[in-house]
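Student: The following block contains a protein sequence and its predicted model.
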Amino acid sequence: MSESSVSVVKVIRCIVCPTGCQIQAISKGSDIVFEGYACERGLEYAKQEFYEPKRILTTTIRVEDGFLPLIPVRTDKPILKDRLREALNEIAKTVVKAPVKMGDILIENILDLDSNLIASRDLVKK
Amino acid sequence: MIYDVIIIGGGVTGCCIARNLSKYDLKIALLEKEADIASGTTKANSGVVHAGFASPREYVKRDVCIKGNKLYTQAFEELNFSFQRIGSFVVALEDNQIKKLEEQRRQGTQDGVPGLEVILDKKKIKYMEPNLTDDVVGVLHAPTAGIVSPYGMTYALAENAAMNGVKFFRNQKVRRIKHQNYTFIIKTKDKEFKATNVINAAGVYGAKISKMVGLDYFDIMPRKGEYILFDRNAMHLNKILFPTPTKVSKGILVCPTVSGNTFVGPNAQNITDKKDLATTEAGLKEILEGGRHLVPNLPVRASIRNFAGLRAVPDTYDFIIDNTDVFGFINVVGILSPGLTSCYAIAERVSEFLELLGANMTIKEDYNPIRPKPEKFKDFSKIELDKKIKEDPAWGRIICRCETIPEKEILNALHSPVGATTVDGIKFRCRPGMGRCQGGFCRPRLIEILSRELNIPYEEVMKTGEETNFLVAKTKEIVLRSLEGGSEE
Amino acid sequence: MKKYKSDVVVIGAGAAGLAAAIEVKKAGLEVLLIERDKELGGITLQCIHNGFGLKEFEEELTGPEYVQRFINQVKELKIPYLLDSMVIEITKEKLVYAVNRNEGLIEIKAKTIILAMGCREKTRGAINIPGFRPAGIYTAGQAQRFVNIEGYLPGNTYVILGSGDIGMIMARRLTWEGCKVKAVVEIQSYVSGLLRNQVQCLEDYDIPLITGFTVTKIHGHERIKGVTISKVSRNFDRIIGSDKFIECDTLLLSVGLIPENELTLEAGAEISQNGGPLVDENLETTIDGIFACGNVLQVHDLVDMVTAEAKRAGKNAIEYLDTRYGKELKKQKTFKCISGENVGYVKPDVINKEDIAKDIHFTFRVKYPARRVLIQFKDENNNVIYSRKKIYVIPSEMIELNLNLEEANVNPKSKSITIEVIPRPEVLIEED
């Protein structure tokens, strides 16, 4: 690859504010540079999205003997976007027992992603 | 078991015949192809009880309509359905239409339609119906015309018939009819019925049933009519408003319903598919435009639902009420408008035919013509209400906010004779989901009640009949299935 | 008949009702919460995604977490509440009638009432989609309740009509539950929900977003079998020849929310053009001592905004009890707030001239998106009393601002104040 080759590798739509900048990740030689952001937060966001996109996962887990059949849950830290489906499969297989308190860890360190799955609310027994 | 009479079709005509025959000492069954009675034309029509002056004089439908209108008074007292004689206007918008109104008034009066009057005083017209267009030049007022809940009346008829011994079989689409040794053998998907006499009240499928016994002397074509329904508070009409009629139809009317809504419709499209209940963009436009000729300020933004109904149009254009050449087989078909008005008179005619056919027309000693008025939360005073809830807590759990329907009314709709088995069955019997939110709040609660009372899983609770389930799986089930199938994404 | 009395009755125990009740109780007054569902929390309970609480708690929470914090406070403060209880009538005299299974009919004599009944979703009828009426048509919120609370999936393959936030969030939610979302179809040329949701709920999962199209026909006799979508003109008329068929067994509608004001209407309060009650700067309706807050008043973008408004309603109810309760009503002179160019509605609807020296909290929405605009307040004589630039406005983003009319030099004799959102003059010059 020659020194002068420049190409847009990815376009990232910034969601930091409603302006919605289109930030380009551009490969310049062996470097990646970012263009089109209007603020530092935008640049940070674009870097994160480019190198290691992560998301908070919010879903439900089945509950035995609960006032409701499901309890809403979330990861306490964002997890790798590429592993969301795997995490969801793991969660689908899980059943917890009522009662549950908000903040209770329902799956510890899910898929070793350095994040716990925690309950989003209290749920009493049936 | 051989029934004396089997009625095919659980619309208003079939149910009215069943109820009328239930006073005699006869073994009677009614077969309905859908999951519920009142599922065809009966469910989606204008709900107008006509005065009877509109049909041509040579037609039998004019005669049964005028008689049928009068019979509503007694039926209403006995069956306790919603019915109001609010009167109708045929509206003339041009001077040359007045002649037509005068002629209808003269002929109608001669044929026994009471109270007909042509009104030309615009002030008086507008006083009687303030929403009417300023372009009105005159109206034909028919005070005996009224509005009714067509399905509400049909449920009442069926309940009373069942109370008096008529057996109702739903989900029974007739596949074949054999006629041997003066007995009809009727085959459905999973049952066989035998009867001495058969009454064909199969609506748009009337010709198909008739052909099963070799009677091929008419055809029935479906004609679609579309409607738009407006919210209860959006407009209050005093009168049923018809345009001056054309040859095809009585035209697009603007009309109140017994529940206090207003609707506009129907148009008239001849179609071939008997399941085509789709509303169309062009059709909805057409009826709004048509309606605006009569009521310029239609509350379009307050529309809560659009729907279509089919009318069974016979190639003779008149009702076919025949004691046919096949001994014991009676055709009651091609009952388009004013069929709803005519049903009580039609039912009397059918009784006369059965007498001729030698059926035992002795009136039963224990015949009870009264169908008690369904109890309604809204009809109770505050003190009564408190007492009712103490007696039965189901009165105190409101399921439908828009219409204020408690669980008790839903349980009554489920457990009445010929009760509901589907969400729409409940909706049409006691109105949850008919209001402005159209089921947003009550639907999960209705599914819960149906699941509990019918002892079926949530996924088997149906909207109208087979394959109309609301829910397909429990949350997580689809993911778990894909994991088992190894088709992991 | 059971009879209660309370200084304040709050109708609805969702985000708005909970916050209002807490505000009142903290001031040492009696308050009673009435909720129609079987638990406290309202619709926020089914919004299990994150994005809540950034304003109120300065941390990002899910809907249930957000509302649980308020429920916990209600319990700590021992605020009494009725569950599974439907209010069936409110009178001008501030008698509230409710029913439930255990107590029968209940009459509550309130000194003041706070309406917090929330909103409901527009349905198919409200937008008149032609076609059959098969099973499988839901509003997005209804589907959300089934999936997240009741524990059932309404279908396997979906088309979502409307790019509101609930619709987009449901697209992701259903994808996560193993369902297939074929498309999100939006009649406008722009997305109506937040950009964040467009990116994280649709683009992350390659769910097509089709703008400028709408559903023009529903197919299927029993269960829905598919929809026809068509391109629309500027006036939203179908463009002939643009039809496309999409197979699906479920159609979700995310086509807007309307304040739920049946009770308000029946009580005799006036309703204004946005569907919520007409209120003054104290959030008081046209009935003395009846206040409104949250989505029953106006549909908000964020639950945090609902909470803030509910707290204000609570404070105003307290002030009413301190200063005006039981006293003779006096007719006040008011400014009427008028929606000018590109303004859909404004709250408050009227401002009492007595409060001219107070900071007034205005909320309003534009009718259509625009860039580089000027927000202007004018009095009756067209004098500009306030103006502010804004880079971008869109109907889905409520505009909030505080204004002191006295400091803005409003003519006290003016009968009205007009709010408009107009293109900035320099932009016009640029275009020349």
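Tutor: Thanks, I have it.
Student: Residue C:114 and residue C:253, how far apart?
Tutor: The gap separating residue C:114 from residue C:253 is 30 Å, by CB to CB, to the nearest Å. In this view, the C-beta of every residue, glycine as well, is placed from N, C-alpha and C.
Student: So which residues on chain A come close to chain B?
Tutor: Within chain A, the positions lying close to chain B (CB under 8 Å from any CB of the partner chain) are A:60, A:62, A:69, A:70, A:85, A:88, A:89, A:92, A:93.
Student: Same check on the stretch 201-350 of chain C?
Tutor: By CB under 8 Å from any CB, the residues of the stretch 201-350 of chain C that approach chain B are C:216, C:217, C:218, C:221, C:222, C:223, C:238, C:249, C:262, C:265.
Student: Residue C:114 and residue C:253: which is more packed in?
Tutor: For residue C:114 versus residue C:253, neighbours defined as other CB atoms under 10 Å in any protein chain shown are more numerous around residue C:114 (31 against 27).
Student: I'd say that one and residue C:315 touch.
Tutor: No: the criterion here is CB atoms under 8 Å, and residue C:114 misses it with residue C:315 at 10.9 Å.
Student: coming back round to it: now the residues of chain A next to chain B in TSV, please, with extra columns for neighbour count.
Tutor: Shown next, in TSV, are those (neighbours: other CB atoms under 10 Å in any protein chain shown):
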residue	neighbour count
A:60	24
A:62	18
A:69	18
A:70	21
A:85	15
A:88	18
A:89	17
A:92	24
A:93	12
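Student: biggest separation within the residues you listed, which pair?
Tutor: Farthest-apart pair in those is A:69 and A:85; separation 22.9 Å (CB to CB).
Student: As a check, name the ranges of all helices in the chain.
Tutor: I'll assume chain A. Along chain A, counting by DSSP state H, helices occupy A:40-51, A:84-93.
Student: The chain in question should be chain B.
Tutor: B:12-21, B:60-79, B:98-110, B:122-128, B:150-163, B:206-212, B:281-294, B:339-356, B:382-391, B:407-415, B:423-430, B:443-454, B:477-484.
Student: Of all the ones you listed, which one is nearest chain A?
Tutor: Nearest to chain A, of all the helices of chain B, is helix B:477-484, at 4.1 Å by CB to the nearest CB.
Student: can you give me the mean pLDDT across that closest one?
Tutor: The pLDDT scores in helix B:477-484 average 94.
Student: What residues does the stretch 1-150 of chain C have near chain A?
Tutor: Neighbours of chain A within the stretch 1-150 of chain C, by CB under 8 Å from any CB: C:39, C:45, C:48-50, C:60, C:62-65, C:67-68, C:71, C:148-150.
Student: Relative to chain B, how far out is residue A:55?
Tutor: With distances taken as CB to the nearest CB, to the nearest Å, residue A:55 is found 17 Å from chain B.
Student: I meant residue A:18, not that one.
Tutor: Computed as CB to the nearest CB, the residue A:18 to chain B distance reads 30 Å.
Student: can you check residue A:26 too?
Tutor: Separation of residue A:26 from chain B (CB to the nearest CB) stands at 31 Å.
Student: What are the neighbouring residues in contact with that residue?
Tutor: Each residue near residue A:26 by CB atoms under 8 Å, 6 or more residues apart in numbering or on different chains is listed here: A:6, A:7, A:8, A:9, A:32, A:33, A:34, A:35.
Student: how does it look with 10 Å?
Tutor: Residue A:26 makes contact with A:6, A:7, A:8, A:9, A:10, A:32, A:33, A:34, A:35, A:36 under the criterion CB atoms under 10 Å, 6 or more residues apart in numbering or on different chains.
Student: What of residue A:107?
Tutor: Residue A:107 is in contact with A:61, A:73, A:75, A:87, A:90, A:91, A:94, A:96, A:115, A:116, A:117, A:118, counting by CB under 10 Å, 6+ apart.
Student: Next: residue C:38.
Tutor: A:67, A:68, B:397, C:83, C:84.
Student: Mind doing that once more with 8 Å?
Tutor: For residue C:38, the contacting residues are C:83, C:84, by CB under 8 Å, 6+ apart.
Student: for chain A, what spans make up the strands?
Tutor: In chain A, the strands defined using DSSP state E lie at A:6-13, A:22-28, A:31-35, A:54-55, A:58-64, A:70-75, A:79-80, A:95-97, A:105-107, A:117-119.
Student: Just name the most buried of those.
Tutor: Scoring the strands of chain A by mean neighbour count under mean count of other CB atoms under 10 Å in any protein chain shown gives strand A:70-75 as the most buried, with a mean of 24.
Student: for that strand, the distance to its chain's centre please.
Tutor: From the chain centre to the centre of strand A:70-75 is a distance of 14 Å (CA atoms, centre = their mean, to the nearest Å).
Student: how many degrees apart are that strand and strand A:58-64 in direction?
Tutor: Here strand A:70-75 runs at an angle of 140 degrees relative to strand A:58-64 (axes from the mean of the first three to the mean of the last three CA atoms, to 10 degrees).
Student: so strand A:70-75 versus helix A:84-93, what angle?
Tutor: 150 degrees.
Student: Strand A:70-75 pairs with which strands, and in what direction?
Tutor: strand A:58-64 (antiparallel), strand A:117-119 (antiparallel) (DSSP bridges).
Student: got a list of contacts for the last one?
Tutor: Same thing as strand A:117-119. With contact meaning CB under 8 Å, 6+ apart, strand A:117-119 is reached by A:57, A:61, A:71-76, A:91, A:100-108, A:110.
Student: hmm, try it at 7 Å
Tutor: A:71, A:73-76, A:91, A:100-107, A:110 (CB atoms under 7 Å, 6 or more residues apart in numbering or on different chains).
Student: average pLDDT for it?
Tutor: Mean pLDDT, strand A:117-119: 98.
Student: how about residue 104, what does it touch?
Tutor: No chain specified, so I'll use chain A. Residue A:104 touches A:118, A:119, counting by CB under 7 Å, 6+ apart.
Student: You answered for a different chain; I wanted chain C.
Tutor: If you count contacts by CB under 7 Å, 6+ apart, residue C:104 has them with B:386, B:389, B:390, B:396, C:1, C:2.
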